[in-house]
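> Kindly generate the corresponding structure for this input.
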Amino acid sequence: MRRVIQIVAGLASMGASLAIPTATAVAERPTGYPRSYDQLIADARAERQVIVYANADTSEMAPVIIAFQRRYPGVTVRYADLGSNEMYRRFVTESRTRKPSADIVWSSAMDQQVKLINDGYAQTYASPEKPALPASAVWKNMGFGVTAEPIAYAYNKKAIPNPPRTRAGLEAMLRKDRRALTGKVATFDPARSNTGYLYLTQDYAITRDTRSLVEAMAATRPLLSITTEPMLRGVAEGRLSIAYNVIGSYAMERARRDPRIGVIFPQDYTIVMSRIAFIAREARHPAAAKLFLDFLLSRQGQSLLAQHSLWPVRTDIKGRRLPAAQARPVRVGPQLLVNLDRLKQQRFLREWNAILASGAQ
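Numbering: from 1, shown residues only. Model (predicted):
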């Protein structure tokens, strides 16, 4: 379901401060930025707004957006919280029919974002913040990885008091306790969730042992989900014992508030995904879009993301990080297009469905 908020008018229900400066206030150029940025700020104020399509939770983004509007008074953020597949379809349809659409598209579906960039839907922008970013987080000065979020598995502490720390241990537990775990395991449905498809194909690319793990999960007749939230809720309530390949940053935030949930970042390897943002080629508010993207990548923006569940991509920001030997970052770039080949995707999903059917028998 599409959820659109206009932050200035719509955050009172979230308990957020609405002390936004008036449009007559003067916005200062960030330290270290070129003098030409003053003109960009003036152009953004003339545009008056920026439209963002994203799938980061609105509640997580509210403090970031309020801080942006305090820095750049007179520029309103219209933030649409959309699922990754809905976002992709909506943006493509609107762009092809030349209807008003997003100025910035920001999604955790990394392969879809790279495809949109590759298909010509993005514009080039040399952000002043680029030197502070890891090289793997920027592609063609079009796609910018904003976060570095590990993929984990969550478990119910009462049901699994001694959780396995590796995928080999997880597979062994699934096989040993198959009867007890039947109907108690969850993961993303790669046929309905592009992010789930991305994580699973990354697993297959890293190790051939993934198929054996998937077969062990299939034998438990797993619940298949399109988002992380219902899986975490099921784990907390005890209807589920374990949820594989959930977004770890969300899981950690939920576990912080709910002691029934445990979170494991597998020690053999942990996939680290990034939410990729780009400025639309036909953006109607391009100056405001550049300001907002720069703010997301700035020390202030990244620090605000780090205070919540969106781990920052910048390494000069204080925040939790995995050991380098454990982390497997998904690089922003054309290699992500491989698994979006239609024939390859169809073959992959046929194999997935065959394993599920075999497990159910």
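
> residue boundaries of the strands in this structure?
3-6, 49-54, 76-81, 104-107, 138-139, 143-145, 149-156, 185-188, 223-225, 242-247, 261-264, 270-273, 276-279, 327-329 (DSSP state E).

> Give the other helices and strands that the third one contacts.
Just to be clear, that refers to strand 76-81. On a contact count with 3 or more Cβ pairs under 8 Å, 6 or more residues apart in numbering; DSSP states H and E, strand 76-81 meets strand 3-6, helix 7-10, strand 49-54, helix 58-71. In this view, the C-beta of every residue, glycine as well, is placed from N, C-alpha and C.

> For the strands of the chain, give me TSV that also has mean pLDDT.
Formatted as TSV, those follow (pLDDT from 0 to 100):
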stretch	mean pLDDT
strand 3-6	50
strand 49-54	97
strand 76-81	95
strand 104-107	96
strand 138-139	94
strand 143-145	96
strand 149-156	96
strand 185-188	96
strand 223-225	95
strand 242-247	95
strand 261-264	97
strand 270-273	95
strand 276-279	98
strand 327-329	93
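
> wait, which of these is closest to residue 356?
strand 223-225 (8.4 Å; Cβ to Cβ).

> Tally up the residues packed near residue 206, please.
14 (other Cβ atoms under 10 Å).

> what's the distance between it and residue 361?
28 Å (Cβ to Cβ, to the nearest Å).

> what do you get for residue 225?
Using Cβ to Cβ, residue 225 is found at 22 Å from residue 361.

> what pLDDT, on average, does stretch 27-44 get?
The average pLDDT within stretch 27-44 is 93.

> Which positions within that stretch qualify as buried?
For stretch 27-44, a neighbour-count test (16 or more other Cβ atoms under 10 Å) marks 27, 30, 33, 37, 40, 41, 44 as buried.

> isn't the fifth one right up against residue 291?
Yes: look at residue 40 against residue 291 with Cβ atoms under 8 Å: they come within range, at 6.8 Å.

> Show me the residue sitting in the middle of the chain in space.
The chain has residue 108 as the residue nearest its centroid, 3.1 Å off, counting by Cα atoms, centre = their mean.

> so who does it touch?
55, 56, 84, 149, 195, 247, 273, 275 (Cβ atoms under 8 Å, 6 or more residues apart in numbering).

> which residue packs closest to it, ignoring adjacent ones?
Spatial nearest neighbour of residue 108, chain neighbours left out: residue 275 (4.8 Å); criterion: Cβ to Cβ, 6 or more residues apart in numbering.

> got it, and residue 72?
Computed as Cβ to Cβ, 6+ apart, the closest residue to residue 72 that is not its neighbour in sequence is residue 27, at 4.8 Å.

> isn't the one you found right next to residue 70, touching?
No: the pair residue 27 and residue 70 does not pass the contact test of Cβ under 8 Å, sitting 9.4 Å apart.

> low-scoring stretches of this structure, by residue?
Residue ranges of the chain with pLDDT under 70: 1-26.

> residue boundaries of the helices in it?
Ranges of helices in the chain, per DSSP state H, are 7-10, 37-47, 58-71, 84-96, 110-118, 167-176, 178-181, 194-206, 210-218, 228-237, 248-257, 286-297, 299-306, 342-360.

> do you know which of the ones you listed lies nearest residue 268?
Using Cβ to Cβ, the helices of the chain put helix 167-176 closest to residue 268, at 5.6 Å.
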